[in-house]
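Asker: following is a predicted model, sequence given first.
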Amino acid sequence: MKNEIFMTLLERKGLTQERFAELVELAWNNISGRPLSRQAVSAWINGRAIPKLSPAETLVIIEILGCTLTEFAMAFPREAEIKKLADTP
């Protein structure tokens, strides 16, 4: 099931998955040094994964997306809700 909310956040800024991953990875170099692949972003979009982020990483993402923390948090349901969605035919 597609994550329509997250897709809307990307579209609102005119970002592709690849460009978003590039921008985040560049910004994270100074914070955590963690990479963010286009495949990871794809998993977020397709509901196969939710981001596991530090507070600093989260702030970088909401700055890049130009959204509020609430908007970003609402894009990702809790893990129990993801499992329920995955079990739905």
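Answerer: Ah, there it is. Numbering: from 1, shown residues only.
Asker: how close does R48 get to V24?
Answerer: With distances defined as CB to CB, to the nearest Å, the gap from R48 to V24 amounts to 18 Å. C-beta here means a position set from N, CA and C on the backbone, and glycine is covered the same way.
Asker: more neighbours, the two?
Answerer: Taking neighbours as other CB atoms under 10 Å, R48 and V24 compare with V24 leading, 23 against 14.
Asker: isn't the more buried one up against I61?
Answerer: Yes. Between V24 and I61 there is a contact at 6.1 Å, judged by CB atoms under 8 Å.
Asker: residue contacts, the closest residue to A27 other than its chain neighbours?
Answerer: Using CB to CB, 6 or more residues apart in numbering and skipping residues adjacent in sequence, the residue nearest A27 is V60, 4.5 Å away. Contacts for V60 (CB atoms under 8 Å, 6 or more residues apart in numbering) come out as V24, A27, W28, I31.
Asker: and the gap between V60 and M74?
Answerer: Taking CB to CB, one finds V60 at 18 Å from M74.
Asker: now the buried members of the contacts of V60.
Answerer: Taking 16 or more other CB atoms under 10 Å as the criterion, what is buried in those is V24, A27, W28.
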